[in-house]
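> model this:
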Amino acid sequence: MGNGASPATATSERTEPNHRAGGLNDGEYGNASSWIPLDPDAAFEIDLGRVVEVGRCKLGRDRTGEFRDRPFDRLKIEVSTNAADWKTVFAQDGITLPSQDCLIAACAQAGGAAVLTDDRHFDHIPGLEIVRPDDELSGW
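Sure thing, here's the model as predicted:
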């Protein structure tokens, strides 16, 4: 757990030692350290211990490259300063996007920034400002 964060907790998790919520932010990666919920609508929470600015967040399926068959099609990111009042900063349902692109969009929306990309799947994220490389470079 970096930066003083507590181990992640979840609304649903398996009982075997692998695939527990604590694997979400333990610094380990690979299938054995991944969280697999029992409920498809499960949620997890990571308490950072204090109010902090998050400059970057990464979410990945498997950094070892062993498993590529488990994309998710629903992601909702909420933030709170008191663990009681939550604000949704990103939500996407029904379209499978690469996890890293979901987080790019979430960070951009939370920070009021645009995403510079040629990837058309970003077009499916409501409210996301997209700048295409051709548009950005046309003034040079």
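> distance between the longest helix seen in the chain and the chain's centre?
When the chain is parsed with DSSP state H, its longest helix is helix 99-111. The chain centre lies 8 Å from the centre of helix 99-111; the measure is Cα atoms, centre = their mean, to the nearest Å.
> same thing with stretch 75-82?
Centroid separation between stretch 75-82 and its chain, computed with Cα atoms, centre = their mean, is 11 Å.
> which positions within that stretch qualify as buried?
Buried residues in stretch 75-82, defined by neighbour count with 16 or more other Cβ atoms under 10 Å: 75, 77. (C-beta placed from N, C-alpha, C; glycine too.)
> just checking, what packs against whichever helix or strand comes after the longest helix of the chain?
Using DSSP states H and E, the next helix or strand after helix 99-111 towards the C-terminus is strand 115-116. Identification of packing neighbours for strand 115-116 by 3 or more Cβ pairs under 8 Å, 6 or more residues apart in numbering; DSSP states H and E yields helix 99-111, strand 130-131.
> and stretch 31-40, average pLDDT?
In this model, stretch 31-40 has a mean pLDDT of 77.
> and that stretch, how far apart are its ends?
With Cα to Cα, to the nearest Å applied, stretch 31-40 spans 18 Å between its terminal residues.
> tell me how the protein divides into domains.
Listed domain ranges for the chain are 1-52, 57-140 (source: automatic domain parsing).
> rewinding a little: from the contact counts, what lies against the longest helix of the chain?
With contacts defined as 3+ Cβ pairs under 8 Å, 6+ apart, helix 99-111 has these neighbours: strand 74-79, strand 87-93, strand 115-116.
> weakest of the helices and strands packed on strand 115-116 in terms of mean pLDDT?
For the helices and strands packed on strand 115-116, mean pLDDT drops lowest on helix 99-111, to a mean of 83.
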